[in-house]
Structures are given as C-alpha cells and as structure tokens.
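# build me a model from this:
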Amino acid sequence: MALKILSATGYAPIEKELYSIDGCLVIGTVTERQDAYDFCMTHKPDIMVISDYLPGEEKMIPFLLRFHHKYQDVRIIYLAQELNARNTAMIDALGLLVLNGIYDIIHEKNISIELIEDIINHPKTERSMSYLTERILGVESTVANNGFSYESSNDKEKHFEGIQNLYVVSSVKPGSGKSFVAANLAAACAKYGENIKVALIEADLQNLSLGTLLKMEEDDKNLMTALKTVDSIMQDGKVAVSIDETKQANEKILNCMKPYKGCKNLDVLVGSQLTFSDVNGDYISANGFIYLAEILSRYYDFLIVDTNSSLLHLSTLPLLKRARNCFYVLNIDFNNIRNNIKYQSVFEDIDVKDKLVYVLNQTIENGVGDQKERKEEEELLFTERMVKDKYFDIAIEIPALSRNVFLNRLYEGQPVVLDEDIPYTKDIKDAFLNLANMITPIKTSPDYIKKMEENEQEPESQVEEKKGLLSFLKGPKGKKLKKDK
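Residues are numbered from 1 along each chain as shown. So this is what the prediction gives:
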C-alpha cells in the first residue's frame, strides 16, 4: 500500500517532484501552516513533508511541536535551512524537535528529491540525530559526535563539511595492522552498539585484506563492481544520467555490500582480484570513491573505511578530508614511528591533523604479550612507553595478539573482538570496545562503564538541577524522555 503524503513545502518544484516518488501517493497540498491541522483531521496522511517556505502566523518550531502533539501518527519530514555550527539557536531549536520525537530533519545545503525519497524509505532515529541535542542535555561532545563538533567558547568553532558518519582507518606504513584494526572496530560497533548498521569498506583496490580476515567468498559483489557502477553514471565528476538510472545504479552499489555471517549488523564491501588494466582503469577516480561513500552513508549508521596506506593514492586524501575522524594505526617498529613523525607536517598542510586519532597496535612490554609464550633473548629497547612519552598522543593501545590466536581467528574468519568469555583475549577485546566507544556508545566498554560510574557519584544537587532543566521536555507519544545511562 502506498504511503499517503501531505505536501506542505510551499515550494512548487519540490511539490511537483514529490509525485514521482515510488511507493508514495501525494493526497493533497496545503498553502498555509494552519491548514495542515484540518487536512490531517480529514484525510489522515502517513507523512507530512514541510519546509520553511510554507507561510503561517505561527513560528515553525512551535508549530511542528504542537502539530506532532496533536497528530502523533503523522510522520513529519522537515526540510530545514542549512545548519551552521555557529547558529546555536537553530541547533537548539532542532534539538528540541528531536527530543520531542521529530527525527526526520534535513538541514543540508542542497536538498534533492532523492534525499527526500531516501529519508522516506529510511527514517532517521533518535540516535542518528543525537548531535542536535547535546547542547540542551549538557552532554560533552566527543569524537563519537555524529553531527557537528562543538568547541568551548574560547576556541574557534568549526563547521564540519564532510560525511558525518564516515570514519577511516589508515596508516603511513603497510604492515601496521590497519585492516586488522578496521575489521575489529567495525565488528565492535555492529555487535555491541545499540541497533546500528555498519558498513565496512575496503578502499584499497590492490588488497584483499578484509575479505581474507573475515573469510568472505570472492564473487562479483566487490569494490571494483561498485566503482564501475559509479563510473557508468558520472561524467566530469558529476552524475550525468536520469533519476531512474541513478536509482538503479545506487541499488546495484548497495547490492555489492555483503553481510558478514559472524555479525548480523555488519555489511562489507571487499576488494577483488585485479589485473594490471583493472588497477589503472579509467573507472577508478577520487569522485567515484566519494560518491560511493556518500550513497552508503545514507543507508548505514556508520561507514568504516580501510584506506590505502599511501597518501598519494587517489582515494586516500579525499576520504581523509571528508571523514569525521581518522584512526591512524602505529606499531612499535621504529621505522614506522619515524615515518609517522615525518608526516606530521603533511597532515597539518592538508588540514586533517585535528581529526587524527592515534591507535598503537601490537603493544609489547618486556615480558608481556607474545613474550609470555616464548622467552626472548633480548629485552625491547624501543617500547610503547617511549612512543607515548616522546612522540604521539595515543588514544588506544591494542595489546599484541599471540601468533597462534591470530592465525586461528584468521582461519575462522572472526575478529577477536567477537570472542566470548576468553580470558587471554579479554584485554584486546576491551581495547577495541573502547575504540568503538569513540564512535558510538558501547555500554560494555570499560571506558563507558567508568564514565557512568563517575556520573553516578555526581552530587544530588547537580542531578536535581539537571532534572529541573529538562522537566518540560516530552518524548514521543507524550512519554517523558529518559537520558541514557
């Protein structure tokens, strides 16, 4: 049965194109905000698409709140103005909508009928829009922020213009464990995050690391097929075909995503075996990679991309610049550290240094890790402590995995973070849970548990003050909102 749409945009070009959306039936149009009340009482639409162009005596935010309270069965899709991180009043206004159960808010600079159709088919959630409520709720922004970054009033505010749910895992030097970290990070988010869908993408065409680590069968559902599909609809870096042809191409791209058998909420776009002509094919372009990421970002809560190690690769720099954060993987190979030090000025020049999160992989203290299984003839001269003290601000340390355990998980095609109650991999699993907690709340991660314990020790007067501040807010169906613990 077709979804019944009330068009309340006040903008003729959008109203005209709403009729072209498959599976939807526009049952009417209103030209004043007040008219929407009477229309919904009589015709009972499923969805109201509304924009600031629709005139009315009542201001838009109070109108939407009042309308939602009266017609809670009518889903609101609000086409808002472009959001600027400096416009805190607008951020708080939209955050108030989210707190009251209105999640389908589009605040992009360029709104297209494809974007509206996508949100009709894939409703936004309270979690995906939580970045709009942080100021109201008094939650500190972290690297896990899914929307706009907030800095203190003493800092210069910056507006994030990339892909809001894109995170990349990279390294300066091959062999650092980049793909190992990417696979475990994605699996941790998908398995232990709350009702989220994760896409893991192998952006290195010449590598089969993710497919090997996850033991996924090779077929034509892969990165090469996806990029060729993108290339078929683009010309001079822009989409050059009809809406129907674009839809078909996007569906083919989505079909290249393969579900990982070990985790139901994780889909993977793997690499493929390539010939020399494939590696240098005309279908490979930076715009192709960006289009691919933008399309997949609409269908998944988070995208985690395993990049090529070379900054000179045509995909690496564009993905770094558009990512929310870049997890850079180091290890205690001294040459690895030296190369990363040399790249510091490069990262600053290309304006990505502030979004780097350093992950130290395969940490080995003398007499710890792999050395438990065999006696080393010499102690390490260059240790992770030296890396942390002298060179890098390390966010997460991943303990070294014994060779036997690594080979066993490789044979099984299972990330170690999915281990259940195995004592000798618990520290590694906890490290990946903490890393995932930087993207989305992981309630089983040690960092999350520690934070909640600290909050429980907050003085009662401060807790009561916060409750009083939020007491006027109501959630969906008139229920009081509950803050996550």
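# which residues sit against stretch 10-25?
When contacts are defined by C-beta atoms under 8 Å, 6 or more residues apart in numbering, stretch 10-25 is touched by residues 2-5, 7, 9, 26, 29, 31, 47, 49, 51-55, 79, 111, 113, 116-117, 120-121, 243. C-beta: built from backbone N, CA, C; applies to glycine.
# next, the buried residues of it.
10, 14-15, 18, 21, 24 (16 or more other C-beta atoms under 10 Å).
# residue 347: which of these is nearest?
residue 14 (41.0 Å; C-beta to C-beta).
# how about whichever strand or helix holds residue 359 as CSV, C-alpha atoms only?
When elements are assigned from DSSP states H and E, residue 359 belongs to strand 356-363. Output of strand 356-363 as CSV, limited to C-alpha atoms (Å, rounded to 0.1, in the frame of the first residue of the first chain):
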residue,chain,number,x,y,z
LEU,A,356,43.6,12.1,13.7
VAL,A,357,43.2,9.6,16.4
TYR,A,358,46.3,7.5,17.0
VAL,A,359,46.0,3.8,17.7
LEU,A,360,49.1,1.9,18.9
ASN,A,361,48.7,-1.7,17.7
GLN,A,362,50.6,-4.8,18.9
THR,A,363,51.8,-3.2,22.2
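# spatially central residue in the protein, please.
Taking C-alpha atoms, centre = their mean, the centroid of the chain lies closest to residue 165, which sits 2.4 Å from it.
# hmm, residue 299 and that one touching each other?
No: Residue 165 sits out of contact with residue 299 when judged by C-beta atoms under 8 Å, with a separation of 10.4 Å.
# show me where pLDDT drops low in the stretch 51-200 of the chain?
135-161 (pLDDT under 70).
# show me where it has strands.
In the stretch 51-200 of the chain, the segments counted as strands under DSSP state E, counting those that start in this stretch are 75-79, 104-106, 166-170, 198-202.
# name the helices or strands packed onto the third one?
Under the contact criterion of 3 or more C-beta pairs under 8 Å, 6 or more residues apart in numbering; DSSP states H and E, strand 166-170 touches helix 178-192, strand 302-306, helix 316-322, strand 325-330.
# just the CA coordinates of the longest one, formatted as PDB?
The C-alpha coordinates for helix 178-192 follow below in PDB (Å, rounded to 0.1, in the frame of the first residue of the first chain):
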ATOM      1  CA  LYS A 178      45.400  -1.300   9.600                       C
ATOM      2  CA  SER A 179      42.900  -3.900   8.200                       C
ATOM      3  CA  PHE A 180      43.000  -5.900  11.500                       C
ATOM      4  CA  VAL A 181      42.000  -2.700  13.400                       C
ATOM      5  CA  ALA A 182      39.400  -1.800  10.800                       C
ATOM      6  CA  ALA A 183      37.700  -5.200  10.900                       C
ATOM      7  CA  ASN A 184      37.600  -5.300  14.700                       C
ATOM      8  CA  LEU A 185      36.500  -1.700  15.000                       C
ATOM      9  CA  ALA A 186      33.600  -2.300  12.600                       C
ATOM     10  CA  ALA A 187      32.600  -5.600  14.300                       C
ATOM     11  CA  ALA A 188      32.700  -4.000  17.700                       C
ATOM     12  CA  CYS A 189      30.400  -1.200  16.600                       C
ATOM     13  CA  ALA A 190      28.000  -3.500  14.900                       C
ATOM     14  CA  LYS A 191      27.900  -6.200  17.600                       C
ATOM     15  CA  TYR A 192      27.900  -4.100  20.800                       C
END
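# counting by contacts, list what that helix packs against.
Contact here means 3+ C-beta pairs under 8 Å, 6+ apart; on that basis helix 178-192 packs against strand 166-170, strand 198-202, helix 209-213, strand 266-269, strand 302-306, strand 325-330, strand 356-363, helix 426-436.
# what's the answer for the shortest one, then?
If you count contacts as 3+ C-beta pairs under 8 Å, 6+ apart, strand 302-306 packs onto strand 166-170, helix 178-192, strand 198-202, helix 286-299.
# if we can go back for a sec, can you give me the buried ones in the next helix-or-strand element following the strand holding residue 359?
Sequence-wise, the next helix or strand downstream of strand 356-363 (DSSP H and E) is helix 384-386. Buried residues in helix 384-386, defined by neighbour count with 16+ other C-beta under 10 Å: residue 384.
# state the mean pLDDT of helix 384-386.
Across helix 384-386, pLDDT averages out at 81.
# from the chain's centre, how far out does that helix sit?
Taking C-alpha atoms, centre = their mean, to the nearest Å, the mean C-alpha location of helix 384-386 is offset from the chain mean by 31 Å.
# against which helices or strands is that helix packed?
By 3+ C-beta pairs under 8 Å, 6+ apart, helix 384-386 packs against no helix or strand.
# now the element after it, going C-ward?
Past helix 384-386, the next helix or strand by DSSP H and E is strand 394-399.
# so for that next one, mean pLDDT?
Strand 394-399 carries an average pLDDT of 92.
# show me what that strand is packed against.
Taking 3+ C-beta pairs under 8 Å, 6+ apart as the contact cut, strand 394-399 packs with strand 356-363, helix 426-436.
# looking at those, which is closest to residue 446?
The nearest among these, by C-beta to C-beta, is helix 426-436 at 5.2 Å.
# extract the CA atoms of the closest one and return them as PDB.
Extracted C-alpha coordinates of helix 426-436, given in PDB (Å, rounded to 0.1, in the frame of the first residue of the first chain):
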ATOM      1  CA  LYS A 426      39.800 -10.000  27.000                       C
ATOM      2  CA  ASP A 427      42.300  -7.200  27.200                       C
ATOM      3  CA  ILE A 428      42.400  -7.000  23.400                       C
ATOM      4  CA  LYS A 429      38.600  -7.100  23.100                       C
ATOM      5  CA  ASP A 430      38.300  -4.300  25.800                       C
ATOM      6  CA  ALA A 431      40.700  -2.200  23.800                       C
ATOM      7  CA  PHE A 432      38.600  -2.500  20.700                       C
ATOM      8  CA  LEU A 433      35.400  -1.800  22.600                       C
ATOM      9  CA  ASN A 434      37.000   1.400  23.900                       C
ATOM     10  CA  LEU A 435      37.900   2.300  20.400                       C
ATOM     11  CA  ALA A 436      34.400   1.700  19.200                       C
END
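# the following helix or strand past it to strand 394-399, inter-axis angle?
Per DSSP H and E, the first helix or strand lying C-terminal to helix 426-436 is helix 446-456. Counting by axes from the mean of the first three to the mean of the last three C-alpha atoms, to 10 degrees, helix 446-456 lies at 130 degrees to strand 394-399.
# the inter-axis angle of helix 446-456 versus helix 178-192?
50 degrees.
# tell me what helix 446-456 is packed against?
Short answer (3+ C-beta pairs under 8 Å, 6+ apart): helix 446-456 packs on helix 426-436.
# and the helix it packs on with strand 356-363, angle?
Going by the same axes, to 10 degrees, helix 426-436 makes 170 degrees with strand 356-363.
# output the contacting helices and strands for helix 426-436.
Packing partners of helix 426-436 (3+ C-beta pairs under 8 Å, 6+ apart): helix 178-192, strand 394-399, helix 446-456.
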